[in-house]
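Participant: A structural model of the following input is requested.
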Amino acid sequence: MTDKLDFKRVLPIFVIVLVDLLGLTIIIPLLSLYAATFKADALTIGVLAAAYPLAQFIGAPILGRLSDRFGRRPVLIFSQVGTLIGLLVLGFANTLPVVFLSRIIDGLSGANISTAQAVIADSTNEKTRTQGLGLIGAAFGLGFTVGPLIAFIALGASGNNYRVPAFVAAGFSAVSILLSLFWLKETRPEGYVPAAQRTLRIGSLKSALTHPGVGLLLILISAQQIAFGGFEQILPLFALSRLGLNASAISGMFIFLGILIVVIQGGLIRQWSRRFGDRWLVLMGLVTLSVGLVLVAFTPAQPPPFYDRAAVVAELTASPDPAAAEKLLVPIPVQGETGYLGLAWILLAFIPATIGGSVLQPTINSFLTKRVDKGEIGGILGISASLVSLANAAGPLIGGALFRFVSPTATLLFQGLLMAALLPFAIRTLRGEERPNTGTKASELIAGKH
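Facilitator: Next comes the predicted model:
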């Protein structure tokens, strides 16, 4: 059994996943503002953000079983075609229900990543699998950096036409389909007999939550995704209402976030895990995520000097009349005193928030694998992934409701204080865990983050 990963064998799926992710990450920073142009309020935008993970939660297990039965390649191509259709529908959308339809189509066919992970598993052995799956994590890091950059360029070239990034994203999706058709080979072994499918049954979930040392970890991983995932979804609306940032500026913020994630997951998390241990990483992650989100919540309401309220209103309403702002259901700053304090504040607050959001999930998954028998590892990680999917839907729903009915500040405060409230329980539950340089390291499970 070789210790070296066969890069030539896994390179096609890495490139395909990266190109496919570019289609997704191009529209993520813009989706909230795009919905706002159809007069959606914060709660409706939260429901829209939840539509994709809920649809994916339903569709992904079905497509996963189909990939075991009929092969990885046809299911991957099918899911990519669904993504392409969803993005085209998004670009041509002329009403808010059509925007919802586009996300549901994409979600129901969204087995891209799980099928890609199966391709990696087919193409590696036990010694090289972690390294191979790490390529999926690397593709995510690159995608979440390059995608917003492409969105920034597309918006600049089109005069902030929100439909153009959707069509550009569809173009990348089409390229990924061609790559899968002409470059990717089927990897499912001949004579492969599908194993029994693990699903999130109530009984298995109850058993996991009452498992000694596992229940709180599952609560932690769900809560951090509600907080950090909800933060990523509500950030465009928060930046618009607090600082008056338009789609191009928000894309720039997501570029900054992507770079931070690449730096943290690309090297820092591995060094911290080896030097301080996984217990320290979890506690540090809870503290930094909590502090970062609270700091973002109190971002000074000072738009930057380049803020032009009339231009932002025109961008969101497609109307040159400043009075059109009254039709918007998301508040934007008045034209007044400007400065760089608010922008500098939120960018600095991103650093602790992103550190916490980047280290918690892979580290908690690492702990989960140590607290169950080897035969239970796949099942417990499957439950963890299912709970994360549900949290991806709950986060924007809670955030959108707080934003709409309380205040933008309350949204971020809830997310930050949720992490702070769980810290004492984590300290008690993880007491006496392994010291540095022993056991499985969090860096070995980075690929499971997404």
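
Participant: what about Leu329, which SS state?
Facilitator: coil (DSSP: H, G, I helix; E, B strand; the rest coil).

Participant: Please report the number of neighbouring residues for the nearest residue to it once chain neighbours are set aside.
Facilitator: Counting by Cβ to Cβ, 6 or more residues apart in numbering, Asp41 is the residue found nearest to Leu329 once chain neighbours are left out, at 3.7 Å. Every residue, glycine included, has its C-beta placed from N, CA and C. A count of neighbours around Asp41, defined by other Cβ atoms under 10 Å, yields 17.

Participant: Likewise for the one 10 residues further on?
Facilitator: Here the count is done by other Cβ under 10 Å, and Ala51 has 20 residues near it.

Participant: Next: Val15.
Facilitator: Using other Cβ under 10 Å as the criterion, the residues surrounding Val15 number 17.

Participant: Next up, the contacts around it.
Facilitator: If a contact means Cβ atoms under 8 Å, 6 or more residues apart in numbering, then Val15 has Leu179, Trp183 as its contacts.

Participant: again with Leu43
Facilitator: Leu43 touches Gly400, Ala401, Phe403, Arg404, Phe405, counting by Cβ under 8 Å, 6+ apart.

Participant: so how far is Gln233 from it?
Facilitator: Between Leu43 and Gln233 the computed distance is 12 Å (Cβ to Cβ, to the nearest Å).

Participant: can you give me the helices in the stretch 151-300 of the chain?
Facilitator: 163-182, 202-209, 215-243, 247-263, 269-276, 278-297 (DSSP state H, counting those that start in this stretch).

Participant: can I get those in TSV with distance to Ala314?
Facilitator: Formatted as TSV, those follow (distance: least, Cβ to Cβ, whole Å):
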stretch	distance to Ala314
helix 163-182	16
helix 202-209	49
helix 215-243	14
helix 247-263	12
helix 269-276	43
helix 278-297	27
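
Participant: least reliable of these going by mean pLDDT?
Facilitator: Ranked by mean pLDDT, these bottom out at helix 202-209, which scores a mean of 67.

Participant: Kindly check the end-to-end length of stretch 371-385 for me.
Facilitator: Using Cα to Cα, to the nearest Å, the end-to-end distance of stretch 371-385 comes to 17 Å.

Participant: Report the rounded mean pLDDT for it.
Facilitator: In this model, stretch 371-385 carries a mean pLDDT of 67.

Participant: One more: stretch 89-100?
Facilitator: For stretch 89-100, the per-residue pLDDT averages 95.

Participant: what's the answer for stretch 146-153, then?
Facilitator: Stretch 146-153 comes out at a mean pLDDT of 92.

Participant: Tell me the gap between it and the middle of its chain.
Facilitator: Counting by Cα atoms, centre = their mean, to the nearest Å, stretch 146-153 is centred 16 Å from the centre of its parent chain.

Participant: Can you list the neighbours in contact with that stretch?
Facilitator: With Cβ under 8 Å, 6+ apart, stretch 146-153 has contacts from 21-22, 24-30, 165, 168, 247-248, 251-252, 254-255, 258.

Participant: and that stretch, C-alpha only, in CSV?
Facilitator: C-alpha atoms of stretch 146-153 as CSV (Å, rounded to 0.1, in the frame of the first residue of the first chain):
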residue,chain,number,x,y,z
VAL,A,146,-11.5,33.4,-6.6
GLY,A,147,-15.3,33.3,-6.9
PRO,A,148,-16.0,36.7,-5.2
LEU,A,149,-13.1,38.2,-7.3
ILE,A,150,-14.8,37.1,-10.5
ALA,A,151,-18.1,38.5,-9.2
PHE,A,152,-16.3,41.8,-8.5
ILE,A,153,-14.9,41.9,-12.0
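
Participant: buried ones in it?
Facilitator: Val146, Gly147, Pro148, Leu149, Ile150, Ala151, Phe152 (16 or more other Cβ atoms under 10 Å).

Participant: Okay, the first one and Thr25: tell me how far apart.
Facilitator: Put plainly, it is Val146. Following Cβ to Cβ, the distance that separates Val146 from Thr25 is 7 Å.

Participant: residues shared between the contacts of those two?
Facilitator: What both Val146 and Thr25 touch, as defined by Cβ under 8 Å, 6+ apart, is the set Gly258.

Participant: distance of the residue lying closest to Ile398 once chain neighbours are set aside from Ile45?
Facilitator: Leaving aside its sequence neighbours, Ile398 sits nearest to Gly230 (Cβ to Cβ, 6+ apart; 6.3 Å). Per Cβ to Cβ, Gly230 is found 12 Å from Ile45.

Participant: Find me the pLDDT at Tyr52, would you?
Facilitator: So Tyr52 comes in at 89 (pLDDT).

Participant: ok, back up a step: wait, the residue nearest to Leu329 sits on Ala401?
Facilitator: No. Asp41 lies out of contact with Ala401 (Cβ atoms under 8 Å); the separation is 10.3 Å.

Participant: if we can go back for a sec, just to be sure, which of the contacts of Leu43 are found in helices?
Facilitator: Of these, the ones assigned to helices by DSSP state H are Gly400, Ala401, Phe403, Arg404, Phe405.

Participant: that older thread, between the contacts of Leu43, which is nearest Ile346?
Facilitator: Checking the contacts of Leu43 against Ile346 by Cβ to Cβ gives Phe403 as the nearest, at 15.9 Å.

Participant: residues contacting the closest one?
Facilitator: Taking Cβ under 8 Å, 6+ apart as the definition, contacts of Phe403 comprise Ala42, Leu43, Gly46, Ile234, Leu237, Phe238, Ala410, Thr411.

Participant: And Phe70, by the same measure?
Facilitator: Neighbours of Phe70 in contact, by Cβ under 8 Å, 6+ apart: none.

Participant: Find the pair from the contacts of Phe403 with maximum spatial separation.
Facilitator: Leu43 and Phe238 (14.4 Å).

Participant: If we ignore the residues flanking it in sequence, what's nearest Val262?
Facilitator: Gly141 is the one closest to Val262 (Cβ to Cβ, 6+ apart), at 4.2 Å.
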